[in-house]
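*Asks:* output the structure for:
(chains A and B)
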Amino acid sequence: MEKDEMIKKMVSILADEFEVDAETIQPDANIKETMHLDSLSLVDMVGLVNEEFGVEIKTPDLPSLKTFADLYDYVYTRM
Amino acid sequence: MVDGFALEDEQNCSSTLTISDDNMFLDESGRLAEEGILEHIAQTAAAYVGHLRKQAGEEVNMGYIGDIKRCVVSHPMPMAGDTLTTRLTIMSQVGNITMVAAETAVNGQTKMTCRMKLAN
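*Replies:* The predicted model follows:
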């Protein structure tokens, strides 16, 4: 899967799961603020990424994933 | 609310519960209320996470349900004497929060599927 294809799929599933406008999911946007994540819904995002891309986001790595670009890079390099 | 528990691997387990006629979740018609299955699933998840924590030499704390999502129920609900069989998969773990996907059936007929987050 090419990176832009992965990004398109990621935007679609995140917008659907967290019920936000896909337009708001921009690479430099903050993940938690954009999708209104709390500790419980953060677990949803980790589960979704694992289920859809087979990539397990490790708990210690989560603080470093601030923007969607961070998330894309993290997932793409581990697919 | 769990009689039998079987560990399949690091991410999957199963459990059973034969509903006794004094089960506190039975309604007036002798059927198990939906929250009875949810409690059975939660205790299955708690047993599972507790087992994994114990194996890792970590402390085992009291668990509580963080949230329940995508809960689908198929009536009629089970009755006293029926046996619930639940298959549970760990979807993700972040810190002390574990998200599981669960399916509970009676005689091979699915009665409930859901996703549950357990914090402990």
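
*Asks:* quick one: contacts of the least confident helix or strand in chain A by mean pLDDT?
*Replies:* When the helices and strands of chain A are scored by mean pLDDT, DSSP states H and E, helix A:39-53 comes last with a mean of 92. Contacts to helix A:39-53, defined as C-beta atoms under 8 Å, 6 or more residues apart in numbering or on different chains, come from residues A:6, A:9-10, A:13-14, A:17-18, A:31-32, A:35, A:37, A:55-57, A:62, A:71, A:75, A:79, B:66-67, B:69, B:91-95, B:97-99, B:115, B:117, B:119. Using the backbone N, CA and C atoms, a C-beta is placed for each residue, glycine as well.

*Asks:* just the buried members of these?
*Replies:* A:6, A:10, A:13-14, A:17-18, A:31, A:35, A:37, A:55, A:57, A:62, A:71, A:75, B:66-67, B:91-94, B:97-99, B:115, B:117, B:119 (16 or more other C-beta atoms under 10 Å in any protein chain shown).

*Asks:* which members of the residues you listed occur in helices, if any?
*Replies:* Of the positions in the buried ones among the contacts of helix A:39-53, A:Met6, A:Met10, A:Ile13, A:Leu14, A:Glu17, A:Phe18, A:Ile31, A:Met35, A:Leu71, A:Val75 sit in helices, assigned by DSSP state H.

*Asks:* how much space separates the last one from A:Glu17?
*Replies:* The reference is to A:Val75. 15 Å (C-beta to C-beta, to the nearest Å).

*Asks:* so which residues on chain A come close to chain B?
*Replies:* A:39-40, A:42-44, A:46-47, A:50-51, A:56-57, A:59, A:62 (C-beta under 8 Å from any C-beta of the partner chain).

*Asks:* so who does the residue positioned nearest the centre of chain A touch?
*Replies:* By C-alpha atoms, centre = their mean, chain A has its centre lying nearest to A:Leu71, at 5.3 Å. Counting by C-beta under 8 Å, 6+ apart, A:Leu71 touches A:Met10, A:Ile31, A:Val49, A:Leu65.

*Asks:* export stretch A:62-75 to PDB, keeping only CA atoms.
*Replies:* What follows is stretch A:62-75, C-alpha atoms only, in PDB (Å, rounded to 0.1, in the frame of the first residue of the first chain):
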ATOM      1  CA  LEU A  62       1.800   7.500  22.200                       C
ATOM      2  CA  PRO A  63       3.000  10.800  23.700                       C
ATOM      3  CA  SER A  64       5.200  11.400  20.600                       C
ATOM      4  CA  LEU A  65       2.200  11.100  18.200                       C
ATOM      5  CA  LYS A  66       0.900  14.600  18.400                       C
ATOM      6  CA  THR A  67      -0.100  15.400  14.900                       C
ATOM      7  CA  PHE A  68      -1.700  13.200  12.200                       C
ATOM      8  CA  ALA A  69       1.600  13.500  10.200                       C
ATOM      9  CA  ASP A  70       3.300  11.900  13.200                       C
ATOM     10  CA  LEU A  71       0.700   9.100  13.100                       C
ATOM     11  CA  TYR A  72       1.000   8.500   9.400                       C
ATOM     12  CA  ASP A  73       4.800   8.300   9.600                       C
ATOM     13  CA  TYR A  74       4.600   5.900  12.600                       C
ATOM     14  CA  VAL A  75       2.100   3.600  10.900                       C
END
